[in-house]
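Build me a structure from this.
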Amino acid sequence: MIPRYHLQKKEREIKEPKELLAIIKKGKYTTIAMCKNNEPYIVTLSYGYDEIKNALYFHSRQKGLKCEFIKDNPHVCATIIEDRGYIMNDCAHEFRSVIIWGNMYLVETLGEKKHAMDILLYHLEENPDKIKQESLSNDKIYRNLGMLRLDIIEINGKWGR
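Predicted coordinates:
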């Protein structure tokens with residue numbers, strides 16, 4: 001495991017678990033860094049947060065570059081940013097962010113795919129039941145979905161201005 005560096009400006013660290021959780025719950029997308037054979041890859045995906053499993057779920061293809069990277073090396077690092085805007089004429093940007101370390105896996109079972117899609121839709125959509133009725137009407141559709149799960153191991157937070 002790579003040693004973690006501490007924030008140089010400790011007063012900007014977000015330590016309160018409720019505040020870290022609020023950033024995750026408010027966010028809609030995360031940028032995920034992966035590595036395979038010393039080659040980096042980064043991707044931005046919409047997510048749903050499962051508070052009970054302390055995991056993020058993503059919709060994806062069942063095959064492709066992400067899946068190849070994940071199969072080879074499940075260790076990932078992700079960031080979620082709550083952008084509060086650039087402050088004009090002050091040369092500053094206000095934000096809160098979390099960095100997440102964890103392991104990412106392909107979701108294999110039908111039951112977990114259904115659970116994952118529920119988590120994703122209820123996190124992102126205003127009317128998730130309508131989407132489910134219109135687009136997810138049978139098990140064949142779920143079987144063909146690619147879903148990913150990021151099991152969170154560690155979270156660090158920071159705010160800035």
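
quick one, longest helix in this protein?
For the chain, the helix that runs over the most residues, judged by DSSP state H, is helix 110-124.

Poorly predicted segments of this protein, please.
1-8 (pLDDT under 70).

can you tell me how far E13 sits from L20?
Distance, E13 to L20, by Cβ to Cβ, to the nearest Å: 10 Å. From N, CA and C alone the C-beta is placed, and that goes for glycine too.

Burial check on M34, number of neighbours?
Applying other Cβ atoms under 10 Å, we find 22 residues neighbouring M34.

That one: what's it in contact with?
40-43, 66, 69-70, 73, 76, 104 (Cβ atoms under 8 Å, 6 or more residues apart in numbering).

which of E13 and L20 has more neighbours?
L20 (18 against 13).

gap between that one and I80?
Relative to I80, and taking Cβ to Cβ, L20 is found at 10 Å.

so what sits against both of the two?
V98.

Report the outermost residue of this protein with respect to its centre.
Largest separation from the mean C-alpha position in the chain: N89, at 32.9 Å (Cα atoms, centre = their mean).

Helices of the chain, start to end?
17-26, 65-72, 110-124, 128-135, 139-143.

For N156, which of these is the nearest?
helix 17-26 (8.2 Å; Cβ to Cβ).

List the contacts of that closest one.
14, 49, 51, 56, 80, 82, 96-98, 123, 155, 157.

Highest neighbour count among those?
L56 (29 neighbours).

just checking, that one touches I155?
No. Counting by Cβ atoms under 8 Å, I155 is not a contact partner of L56; they are 11.0 Å apart.

Quick check: neighbours shared by these two?
Common neighbours of L56 and I155 (Cβ under 8 Å, 6+ apart) are 24, 100.

So which residues of the chain form strands?
13-14, 29-36, 39-46, 48-50, 55-60, 75-87, 92-106, 146-160 (DSSP state E).

Those strands into a markdown table, with extra columns for distance to P128?
What follows is those, written out as a markdown table (distance: least, Cβ to Cβ, whole Å):
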| stretch | distance to P128 |
| --- | --- |
| strand 13-14 | 29 |
| strand 29-36 | 17 |
| strand 39-46 | 13 |
| strand 48-50 | 10 |
| strand 55-60 | 13 |
| strand 75-87 | 20 |
| strand 92-106 | 23 |
| strand 146-160 | 15 |
